[in-house]
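K.L.:
Below are the sequence and a predicted model; questions follow.
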Amino acid sequence: MNPRRGTALFLAATACVLAFSSQAATLHPKAAAGYSARHGERALIIMQEGRILLERGDTRPVFINSITKSLTALSTLAFCEARGLPLDAPAHRGITWRQLLAQTSGLPPDYARLYSGSLTSKSARALALKPLSPPGTRFAYGPSHYELVAALIGQRVSPDGARRVAAKYVLDALGMDTSRWRRDRQGEVFYSAGLLASPRQLLRAGRMVERGGWSGWWPVISRRSLAEALRGSSANPAYGLGFWLNRAATHPQTREADIEELLSESPTSWQNICLARSAPPDLVVMAGSGGHRVYVSKSARMVVVRLGQGRRKGFRDPGFLAALFGGQGA
């Protein structure tokens, strides 16, 4: 054997041993389950180190609301990487792919029009929108950014290109059915919301993120693209490309906040916001309205899928995570 190759293999094996011998964070499934049940739970799965500690609730697919954004962001990143499209290159009107996925494009959210049942083509609407602020300077959560991404992919691929790209790069590997994805009157899928998934499919998605882009024996998305998704912006350090981030958890004077409450408040500053000081700083979250969440922490070797019943009924990220990591409210 080549000595250099032998040394590399030895170092890799040593790194694996050290990684798996380190102590993972202690979880409190019973406390987390109690909190979840008191606040309108539909389904709950808690996995650590690849082992399911708790699983209960409805196993059927449901509309996962804005968790859709996390999955379409990953598929868009894979598409850009495959096509050689730099994330920081202009994609439309001087707006970059990164700014669209980070929701810092400057476009108005445009909820009312883009989600109107009378709208014929959301792509035409999204393409016609103009920035209200310089791209990259302001975080404004809403469907406009992701529906413009879908429109731009459709222009480059085919009328059904956005669905095909999402299926090819991410959703097929996770076993998700795109046939019932919410569509507009022209049959174009909504990249910001409207995908159906079961708790086990979401668990597979979270496990893929925890494993650095791998699902089973196959890579779904490159580590490079995944790292981009989990990077915050200067406008909102707590939001990457489709993912909410807990990186400010250890910072002094950090404010804990629930994701859905944040979006209704629309704070003027997104600095020093975290989801829970009790949770690891590397915690990332796929979040959908109605208490839908997929929590992932690589350091804790953990994936948690929690689906609500449509209404949150008091569910808050800081409370659930305090129960999960600290046993509070047991």
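P.N.:
Noted; the coordinates are in hand. Numbers count the residues shown, from 1 in each chain.

K.L.:
those strands in this structure, which residues are they?
P.N.:
In the chain, the strands defined using DSSP state E lie at 41-48, 51-57, 62-63, 90-92, 95-96, 196-197, 214-215, 218-219, 244-245, 255-256, 273-274, 284-288, 292-297, 302-308.

K.L.:
now the end-to-end length of stretch 50-67.
P.N.:
End-to-end distance for stretch 50-67: 22 Å, by C-alpha to C-alpha, to the nearest Å.

K.L.:
export the strands of the chain to TSV and tack on mean pLDDT, mean neighbour count and distance to residue 321?
P.N.:
No exception for glycine: its C-beta is placed from N, CA and C like everyone else's. As requested, those are exported to TSV (pLDDT from 0 to 100; neighbours: other C-beta atoms under 10 Å; distance: least, C-beta to C-beta, whole Å):
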stretch	mean pLDDT	mean neighbour count	distance to residue 321
strand 41-48	98	21	12
strand 51-57	98	14	15
strand 62-63	97	20	22
strand 90-92	97	18	35
strand 95-96	98	20	32
strand 196-197	98	22	22
strand 214-215	96	18	25
strand 218-219	94	12	29
strand 244-245	98	24	12
strand 255-256	95	18	9
strand 273-274	96	24	10
strand 284-288	98	25	9
strand 292-297	98	27	7
strand 302-308	98	26	9
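
K.L.:
and residue 156, which of the ones you listed is closest to it?
P.N.:
With C-beta to C-beta, the closest approach to residue 156 among those belongs to strand 90-92: 9.9 Å.

K.L.:
Tell me which other helices or strands that closest one touches.
P.N.:
helix 97-101, helix 144-156 (3 or more C-beta pairs under 8 Å, 6 or more residues apart in numbering; DSSP states H and E).

K.L.:
all helices for the stretch 51-200 of the chain, in order.
P.N.:
67-83, 97-101, 111-114, 122-128, 144-156, 161-166, 199-210 (DSSP state H, counting those that start in this stretch).

K.L.:
wait, which of those helices is closest to residue 221?
P.N.:
The nearest among the helices of the stretch 51-200 of the chain, by C-beta to C-beta, is helix 67-83 at 5.1 Å.

K.L.:
pLDDT averaged over that closest one, what's the number?
P.N.:
Mean pLDDT, helix 67-83: 98.

K.L.:
Measure how that helix sits relative to strand 302-308, angle-wise.
P.N.:
Using axes from the mean of the first three to the mean of the last three C-alpha atoms, to 10 degrees, the direction of helix 67-83 lies 130 degrees away from that of strand 302-308.

K.L.:
Show me which residues of helix 67-83 are buried.
P.N.:
67-81 (16 or more other C-beta atoms under 10 Å).

K.L.:
now stretch 248-267
P.N.:
Buried residues in stretch 248-267 (16+ other C-beta under 10 Å): 248, 249, 254, 256, 257, 258, 259, 260, 262, 263.

K.L.:
Closest to residue 142 out of the residues you listed?
P.N.:
Using C-beta to C-beta, those come closest to residue 142 at residue 263, 9.1 Å.

K.L.:
could the helices of the stretch 51-200 of the chain go into CSV alongside distance to residue 301?
P.N.:
Compiled in CSV, the helices of the stretch 51-200 of the chain are given as follows (distance: least, C-beta to C-beta, whole Å):
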stretch, distance to residue 301
helix 67-83, 20
helix 97-101, 27
helix 111-114, 37
helix 122-128, 39
helix 144-156, 30
helix 161-166, 28
helix 199-210, 7
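
K.L.:
mind listing what residue 31 touches?
P.N.:
323, 324, 326, 327, 328, 329, 330 (C-beta atoms under 8 Å, 6 or more residues apart in numbering).

K.L.:
hmm, back to that, do you know which of the helices of the stretch 51-200 of the chain lies nearest residue 138?
P.N.:
With C-beta to C-beta, the closest approach to residue 138 among those belongs to helix 97-101: 10.3 Å.

K.L.:
circling back: which of the helices and strands packed on strand 90-92 is buried the deepest?
P.N.:
helix 97-101 (a mean of 26; mean count of other C-beta atoms under 10 Å).
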